[in-house]
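what follows is a predicted protein model with its sequence.
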Amino acid sequence: MAATVQNVVTSGVFELDGGSWDVDNNVWIIGDDSEVIVIDAAHDAARIAEAVGERSVRAIVSTHAHNDHVNAAPELARITGAPILLHPEDRVLWDLTHAGRAPDGELADGQTLSVAGAELTVLHTPGHAPGAVCLYAPSLGAVFTGDTLFHGGPGATGRSYSDYPTIVGSITERLFALPDETVVHTGHGEGTTIGAEKQGATGWEKP
């Protein structure tokens, strides 16, 4: 069976810089009937584990370490035995939520993760967070962008450890180099395509 993409939406609270906001997060499960990778273990480890079922979890990948994307990761790792992977430049954010529990491995730009015959290439796309990454799966015609690129534009950059010119550079140089038909699976809300976001980017302030 070829790899497929499954979406689980979980709800909780995003906290940073003394503020808190209610959010719904997209958790992405990529794989087949026997093995999967989980992208962004948000809020509810039990619900994610239920969606995974009896399948083996090869890795829990964090696109970045804002609490709403990693708060369920240690518990999901405990349940499944899977390693948590994070880009090292986001350790400063990870430690705000999980100071006593380090990630199990590091993500690097250009690294390839394999699951169920599909390969996901790690693209370092800082801006929303210093260690933010996207995962491009050409065989699935998809990219998983976390909070770097949404339907309608870049992710937020108004809080600590974020920068608007940097995120615009990441999107235009790394993501807009992907085929226009590539489906964008986002960290929150509805999806889009690379081509659609290119068309809408004319008003962006370039770095």
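Perfect, thanks for sending it.

mind listing the helices for the protein?
45-52, 67-70, 73-80, 91-97, 164-170, 194-199 (DSSP state H).

among these, which is nearest residue 32?
helix 45-52 (12.1 Å; CB to CB). (C-beta placed from N, C-alpha, C; glycine too.)

list the buried residues of that closest one.
In terms of neighbour count (16 or more other CB atoms under 10 Å), helix 45-52 has its buried residues at 45, 47, 48, 49, 51, 52.

which stretches of this structure have low pLDDT?
203, 205-207 (pLDDT under 70).

wait, which of the helices of the chain is closest to residue 128?
Nearest of these (CB to CB): helix 164-170, 5.6 Å.

relative to residue 20, which of the helices of the chain is closest?
helix 67-70 (9.6 Å).

what helices and strands are in contact with that closest one?
Helices and strands touching helix 67-70, by 3 or more CB pairs under 8 Å, 6 or more residues apart in numbering; DSSP states H and E, are strand 4-16, strand 19-31, helix 91-97.

pick the most deeply packed of the helices of the chain.
Mean neighbour count (mean count of other CB atoms under 10 Å) peaks for helix 67-70 among the helices of the chain, with a mean of 26.

show me what that helix is in contact with.
Contact with helix 67-70 is made by 12-16, 23, 25, 40-43, 62-63, 84, 86, 94, 96-98, 146-147, 187, as judged by CB atoms under 8 Å, 6 or more residues apart in numbering.

centre of the chain versus it, how much separation?
10 Å (CA atoms, centre = their mean, to the nearest Å).

quick one on the thing from earlier: which among the contacts of helix 67-70 end up buried?
12, 14-16, 23, 25, 40-43, 62-63, 84, 86, 94, 97-98, 146-147, 187.

what sits opposite residue 120 in the beta ladder?
Beta-bridge pairing of residue 120 under DSSP bridges involves residue 113.

which ones are touching it?
So residue 120 contacts 30, 37, 61, 112, 113, 114, 135, 136, 137, 144 (CB under 8 Å, 6+ apart).

and these, which two are the farthest apart?
114 and 144, at 15.0 Å, using CB to CB across the contacts of residue 120.

what about these two, which has more around it?
residue 144 (27 against 13; other CB atoms under 10 Å).

so that one touches residue 134, yeah?
Yes: in this structure, residue 144 is within contact of residue 134 by CB atoms under 8 Å, at 6.3 Å.

top of the contacts of residue 120 by neighbour count?
Neighbour max across the contacts of residue 120 (other CB under 10 Å) = residue 61, 29 neighbours.

what's the burial count for the closest residue to residue 28 other than its chain neighbours?
Distance criterion CB to CB, 6 or more residues apart in numbering; nearest residue to residue 28, sequence neighbours excluded, is residue 39 at 4.1 Å. Using other CB under 10 Å, residue 39 has 27 neighbouring residues.

show me what residue 39 bridges to in the sheet.
Here residue 39, judged by DSSP bridges, has bridge partners residue 28, residue 61.

ok, it - contacts?
So residue 39 contacts 27, 28, 29, 30, 61, 62, 63, 135, 144, 146 (CB under 8 Å, 6+ apart).
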